[in-house]
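1. quick one: sequence plus predicted model below, questions after.
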Amino acid sequence: MQQFTFHSPTDVWFGRGAETHIAEYMKKYGRTRVLIVTGGSSVKRSGAFDRVCDLLRADGIEYTELSGVKANPVLSKAREGIELAKEFRPDLVLGFGGGSVIDTAKMISIGGANPEEDVWNFWNGSVKPSKAIGVAAIPTLAAAGSELSGSSVITNEATRQKNGLNTELNRPLFALINPEFLFTLPDYQIGCGCADILMHTMERFFSDLQGNYLTDEFACSVMRTVVKFSPILLKDHANYDAASEIFWASEVSHNDLTGLGGHKGLDVHRLGHRLSADFDIAHGASLAALFGSWARHYKDRDPARFCELGRRVFGIDSDDPDAAINAVDSFFSSLGMPVCFSQTAFGVLPDDRVVKLAEDVTDGGKAHWGSFADISYEDALAIYRSANR
């Protein structure tokens, strides 16, 4: 195996009623004032928000709320939360919602602890943070696994940049994970979440460093779990067994376990972030729309790796890499996800707009990146053009 380090410190309570342990965990970590970050409507309609607030009040824990975080979270909302944190002075920021909410809570946690610095400077890489208020999570969507990761991705609306910050300061102290939150989600959100889980895991599987058998087994097990239980959950949202398997797959996919010993590849993610920043497309949908084009562009680099994915995840006994790629696309379609631009809300784009996507995602052609293979401006343009059908 390749050399690696692994640190996954988040304290997890997983199962029915997990959110009812909020006061217990606040006490465990010595926290008494919490800023709760939410998307707003769904968590309140379910009654979960009121239950949590009642439990906090009963234990004398003070709280205030920032609501209105949208999918594809934006800097302006995080700045609003940072200003609220300056006034309220919390000792914990609680993300109560999906990955966008939790990512916003992470930015507030770092920005609130460093009021002298423009928080975007941490996300654009010009300044490295050394402290944070501290963050915790009650996730309501199985997707990016932000509740167990050190990552936070935020869009700066003014500059159309979608940047991520990876730091241990972003790791939640604790996460209270109740799979029953998936019961009331619409099919589209479940589909987007399952696509995101699969892509996070698949992009670790496609690394230029291979030979890590056990790590690959972790990754393939997560992917097989998503493939098996996604259709069950979409058919019956109240199937607790399916919901719990999908939710735990979400956590394992993004806490680094599925990529140990390889390079942490987010090749398609970076291409997809450009779509999210420009067109506000759901994260999982952006990944599904691009995967097939990325895979066909690079399949000849290591066709055996694609065939291995087909065999170990989809049970396809074939030496044709297209068989595995087609299986992934078919799975995404079964989730209601787009597999090309014509199936998205923004549709087929003029070619000059596609060129602009490639220019922006490569910083005018200067930036290269990639774990499985180097992605240049020319590669990005070819992939976007292939998906633009």
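-> Sure thing, it's come through. Numbering: from 1, shown residues only.

2. buried set for the strand or helix carrying residue 197?
-> Taking DSSP states H and E as the definition, residue 197 sits inside helix 187-205. Buried residues in helix 187-205, defined by neighbour count with 16 or more other Cβ atoms under 10 Å: 189-205. Just so you know, the C-beta spots here come from the backbone N, C-alpha and C atoms, and that holds for glycine as well.

3. ok, the residue most central in space within the chain - contacts?
-> For the chain, residue 144 is the residue whose C-alpha lies nearest the centre (Cα atoms, centre = their mean; 2.4 Å). When contacts are counted by Cβ atoms under 8 Å, 6 or more residues apart in numbering, residue 144 is found next to 99, 103, 196, 200, 250, 254, 283.

4. which of these scores worst on pLDDT?
-> The pLDDT minimum for the contacts of residue 144 sits at residue 254, where the score is 85.

5. please name the nearest non-neighbouring residue to that residue.
-> Among residues not flanking residue 254 along the chain, residue 145 sits closest, at 3.2 Å (Cβ to Cβ, 6 or more residues apart in numbering).

6. now for the one you found: which residues touch it?
-> Contacts for residue 145 (Cβ under 8 Å, 6+ apart) come out as 99, 197, 200, 250, 251, 252, 253, 254, 255.

7. and the least confident helix or strand in the chain by mean pLDDT, what does it pack onto?
-> In the chain, no helix or strand scores lower on mean pLDDT, DSSP states H and E than helix 41-45, which sits at a mean of 81. Helix 41-45 sits against strand 92-97, with contacts defined as 3 or more Cβ pairs under 8 Å, 6 or more residues apart in numbering; DSSP states H and E.

8. quick one, the next helix or strand after the strand it packs on and helix 187-205 angle?
-> Downstream of strand 92-97, the next assigned helix or strand under DSSP H and E is helix 99-113. If you take axes from the mean of the first three to the mean of the last three Cα atoms, to 10 degrees, helix 99-113 sits at 70 degrees to helix 187-205.

9. put the alpha carbons of helix 99-113 into PDB.
-> Provided in PDB are the C-alpha atoms of helix 99-113 (Å, rounded to 0.1, in the frame of the first residue of the first chain):
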ATOM      1  CA  GLY A  99     -24.400  19.700   2.700                       C
ATOM      2  CA  SER A 100     -24.800  23.300   1.700                       C
ATOM      3  CA  VAL A 101     -26.000  24.200   5.200                       C
ATOM      4  CA  ILE A 102     -23.100  22.400   6.800                       C
ATOM      5  CA  ASP A 103     -20.600  23.900   4.400                       C
ATOM      6  CA  THR A 104     -21.900  27.400   5.300                       C
ATOM      7  CA  ALA A 105     -21.700  26.600   9.000                       C
ATOM      8  CA  LYS A 106     -18.000  25.700   8.500                       C
ATOM      9  CA  MET A 107     -17.300  29.000   6.900                       C
ATOM     10  CA  ILE A 108     -19.100  30.900   9.700                       C
ATOM     11  CA  SER A 109     -17.100  28.900  12.200                       C
ATOM     12  CA  ILE A 110     -13.800  30.000  10.700                       C
ATOM     13  CA  GLY A 111     -14.900  33.500   9.700                       C
ATOM     14  CA  GLY A 112     -16.400  34.100  13.200                       C
ATOM     15  CA  ALA A 113     -13.100  33.100  14.900                       C
END
